[in-house]
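Asks: I would like to see how this sequence folds:
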Amino acid sequence: MGVHLPRPAALAARLEIPIEEWRYLDEAVLLKTRSRKVCMTCHWFRHHAGVNCIPVLTCQLHQGLIAHGEHLTSRCQGWTDDMTHSRGWAPEVA
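Replies: Numbers count the residues shown, from 1 in each chain. Below is the predicted model:
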């Protein structure tokens, strides 16, 4: 069931199964944190428009769904700083 969501070709090519069929990440993957290193600030974090335009929060690294609210209080061992923060908005090309 569910609605098939259009997605960029590059993302669709990387995905093994549709986002809507991913499992939710649990405590075995997500760790509670009180720092800025949370899912929402991670390079792998994405949000998609789901059924009825309700946001679906995902981790591209683990190919898993993130429960609403968990993206603000949790992170995994694979947390990576967003490229715009680590390299700047538009780095110079040498």
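Asks: neighbours around the nearest residue to Ala67 once chain neighbours are set aside, how many?
Replies: What sits nearest to Ala67 in space, not counting adjacent residues and going by CB to CB, 6 or more residues apart in numbering, is Tyr24, at 5.9 Å. (C-beta placed from N, C-alpha, C; glycine too.) Neighbours of Tyr24 under the rule other CB atoms under 10 Å: 12.
Asks: go on, Glu70?
Replies: For Glu70, using other CB under 10 Å, the count is 20.
Asks: Check the one 5 residues further on too.
Replies: The burial metric for Arg75, expressed as a neighbour count using other CB under 10 Å, is 23.
Asks: Report the contact partners of Leu25.
Replies: Contacts for Leu25 were tallied using CB atoms under 8 Å, 6 or more residues apart in numbering; they are Cys59, His62, Gly64, Leu65, Ile66, Ala67, Glu70, Cys76.
Asks: ok, now with 7 Å
Replies: The contact partners of Leu25, taken as CB atoms under 7 Å, 6 or more residues apart in numbering, are Cys59, His62, Gly64, Leu65, Ile66.
Asks: Could you report the distance from the residue lying closest to it once chain neighbours are set aside to Asn52?
Replies: The shortest distance from Leu25 to any non-neighbouring residue, by CB to CB, 6+ apart, is to Gly64 (4.1 Å). According to CB to CB, to the nearest Å, Gly64 and Asn52 sit 22 Å apart.
Asks: Now Thr80. Nearest residue, chain neighbours left out?
Replies: Per CB to CB, 6+ apart, closest to Thr80 is His43, 4.3 Å.
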